[in-house]
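1. just to be clear, the model below is a prediction. Sequence and coordinates:
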Amino acid sequence: MECNAAALQAKREQLLQAGVVMMDPASVYVEEEVTVGAGTLLLPGTILRGRTQIGANCQIGPQVMLTDCTVGEGCTINASQCEDSRIEAGCQIGPYTHIRPHCVVGEGSKIGAFVQLKNCNLGKGTKMAHLTYVGDSDVGEDCNFGCGTVTCNYDGFQKHRTTIGSHVFIGCNTNFVPPVKVEDGAFIAAGTTVTQDVPQDAMVIGRSRQQIKEGWAAENRNKKARG
């Protein structure tokens, strides 16, 4: 334990001398093969493992664990976990994001609260603000994912890929049932389950038609009161 503590302290001192900033060095854990660029701020609770490489002028933490990840310059990662993936320059990750292995997050993308990525490629400038799962997928540039979007990649036997082009708008509570392909510029209406390929610049909507039964709620309350 004393040997491990001495090695950890030596690694922290090495990074500090190279221009890395730590608000509280004692609260940062960095393994031997990790590299961090000058000007990067490591906040309390940061854990950097394996062969993680972080570019210059990033902000990592608080409460972040990166394992075998490559992070480009100027990224912010807050309260999240990332494994065996590449995050390109200028991305904003977190809080509470989980990036599972074999992901590429394109330059300038924003991946927010309670989003999970797995085995997927995201193009430049794609945004997923919250509550989204994207797995086994290829996504183009400048796409916007609404809250509650899910790629239904597992059919109980096999994993299937979803392919989404660039400049696609995806409304809240959209389900993709792959294998399915959405071409560039498409618009997916909120609440849609996509089961067929979507042509370029098309709008797709797939949800039940709303029904209104006037007075039903009052009648139901009266029945319960008499019951």
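-> Received it, and whenever you're ready, just let me know what you need.

2. near Val204, how many other residues are there?
-> Residues near Val204, counting by other CB atoms under 10 Å, number 19. No exception for glycine: its C-beta is placed from N, CA and C like everyone else's.

3. and for Gly156?
-> Neighbour number of Gly156 under other CB under 10 Å is 4.

4. now Pro62
-> Around Pro62 there are 16 residues (other CB under 10 Å).

5. that one contacts Asn78, doesn't it?
-> Yes: using CB atoms under 8 Å, Pro62 is in contact with Asn78, at 7.2 Å.

6. could you dump the lowest-mean-pLDDT helix or strand in the chain to PDB, C-alpha only?
-> Within the chain, no helix or strand scores below helix 2-17, which has a mean of 89 by mean pLDDT, DSSP states H and E. Provided in PDB are the C-alpha atoms of helix 2-17 (Å, rounded to 0.1, in the frame of the first residue of the first chain):
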ATOM      1  CA  GLU A   2       2.800   2.400   0.900                       C
ATOM      2  CA  CYS A   3       4.500   1.700  -2.500                       C
ATOM      3  CA  ASN A   4       1.200   2.300  -4.300                       C
ATOM      4  CA  ALA A   5       0.600   5.500  -2.500                       C
ATOM      5  CA  ALA A   6       4.100   6.700  -3.300                       C
ATOM      6  CA  ALA A   7       3.700   5.900  -7.000                       C
ATOM      7  CA  LEU A   8       0.300   7.700  -7.100                       C
ATOM      8  CA  GLN A   9       1.900  10.800  -5.400                       C
ATOM      9  CA  ALA A  10       4.800  10.800  -7.900                       C
ATOM     10  CA  LYS A  11       2.300  10.600 -10.800                       C
ATOM     11  CA  ARG A  12       0.300  13.500  -9.500                       C
ATOM     12  CA  GLU A  13       3.500  15.600  -9.000                       C
ATOM     13  CA  GLN A  14       4.600  14.700 -12.500                       C
ATOM     14  CA  LEU A  15       1.300  16.000 -14.000                       C
ATOM     15  CA  LEU A  16       1.400  19.200 -11.900                       C
ATOM     16  CA  GLN A  17       4.800  20.000 -13.100                       C
END
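
7. and the helices in this structure?
-> For the chain, applying DSSP state H gives helices covering 2-17, 216-226.

8. among those helices, which is nearest Lys181?
-> Of all the helices of the chain, helix 216-226 sits nearest to Lys181, with 41.3 Å by CB to CB.

9. what residues are up against the closest residue to Glu33 other than its chain neighbours?
-> Leaving aside its sequence neighbours, Glu33 sits nearest to Arg51 (CB to CB, 6 or more residues apart in numbering; 4.9 Å). Arg51 makes contacts with Glu33, Val34, Asp68, as judged by CB atoms under 8 Å, 6 or more residues apart in numbering.

10. per-residue confidence at Arg51?
-> The model reports Arg51 with a pLDDT of 98.

11. and the gap between it and Ala190?
-> 41 Å (CB to CB, to the nearest Å).

12. repeat for Thr76
-> 29 Å.

13. and what of Tyr133?
-> Distance from Tyr133 to Ala190, by CB to CB: 17 Å.

14. who has more neighbours out of these two?
-> Set side by side, Tyr133 and Ala190 show more neighbours around Tyr133, with 18 against 15, by other CB under 10 Å.

15. looking at the helices of the chain, spot the one closest to Gly185.
-> helix 216-226 (41.0 Å).
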